[in-house]
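got a structure for you, letters missing:
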């Protein structure tokens, strides 16, 4: 088993609630990093824990140990721990007579945990990749905790995590078609890191007051693949994680018609620091070792998802 700290990369997207009857909705939207940190800190309250019941087990999802670090390389970083406790589980139980099926529970329950780092300077999130949690519904329950916390604080927005594809993942697929006849994508445009490819599209959406935009572009003669055209700008924004769900491409590739979806798999990062040290370094945030580990995470994030030409 690897002892390195491995993580998956996500984009933090602010999402406004759609209830149009909320009073003063515009005044209570989440728009600043200070408000994001306020929600993250409040999510650590045990009142926000979420229960998950499956056919054979009951779990409790919790957020704990929120911490913000001193600025490093000009980047604002915070972290928290996401944990899943096993309340009870069905299985075989050894009795004096033999084995029988039953329900087992422990007090206190054992938990599996993952460290989550928030790069608030870029609105990128590094989620520890673990064998215990990575194949679970961790994202759904984390977002549910955040949503309920935001509502309890009076906000009319929450935020969600969207996978950031590995470098040139979506753009590479976009370019791989000899003729692209359809592209479907839902874009989310808050807080983007702008590049020369996306600035005009972003400015247009902001001017129009649009925060979520579903595009279904079709042309039997083939969509333009020019870097100055709308399809490329949309694909580029999607690759940065400013999207909802997958991107659909249809067209001719290798002399055959294909429909391909992309965008659900996150870029994977890894640093050499020991995993258990990284998990606990919020308690030693000012030590040289902790600063070195944080620097390694920042460098790996920037390697996986380099800043665009217009990023500040």
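Thanks, I have the structure now. Bear in mind the structure is a predicted one, so any value in this text is a computation, not a measurement. Residues are numbered from 1 along each chain as shown.

just checking, which helix or strand of this structure averages the lowest pLDDT?
helix 275-280 (a mean of 72; mean pLDDT, DSSP states H and E).

C-terminal to it, what's the next element?
helix 288-304 (DSSP states H and E).

any buried residues in that following helix, and which?
For helix 288-304, the neighbour count (16 or more other Cβ atoms under 10 Å) marks 290, 291, 293, 294, 296, 297, 298, 300, 301, 304 as buried. The C-beta positions use only the backbone N, C-alpha and C, and glycine is treated the same way.

sorry, back to before: can you point out the buried residues in the least confident helix or strand of the chain?
Applying 16+ other Cβ under 10 Å to helix 275-280 flags 275, 278, 279 as buried.

what would the buried residues of helix 288-304 look like in a markdown table with pLDDT and distance to residue 37?
As requested, these are exported to a markdown table (pLDDT from 0 to 100; distance: Cβ to Cβ, whole Å):
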| residue | pLDDT | distance to residue 37 |
| --- | --- | --- |
| 290 | 85 | 19 |
| 291 | 88 | 20 |
| 293 | 90 | 21 |
| 294 | 92 | 17 |
| 296 | 93 | 23 |
| 297 | 94 | 18 |
| 298 | 95 | 18 |
| 300 | 96 | 23 |
| 301 | 96 | 19 |
| 304 | 94 | 24 |
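
tell me the one of those nearest residue 171?
Nearest to residue 171 out of the buried residues of helix 288-304 is residue 304 (Cβ to Cβ; 14.4 Å).

please report how far the closest one lies from residue 76.
Using Cβ to Cβ, to the nearest Å, residue 304 is found at 19 Å from residue 76.

next one: residue 8
Counting by Cβ to Cβ, the gap from residue 8 to residue 76 is 21 Å.

these two: which has the busier surroundings?
residue 8 (21 against 16; other Cβ atoms under 10 Å).

just give the nearest non-adjacent residue to the more buried one, would you?
residue 266 (3.9 Å; Cβ to Cβ, 6 or more residues apart in numbering).
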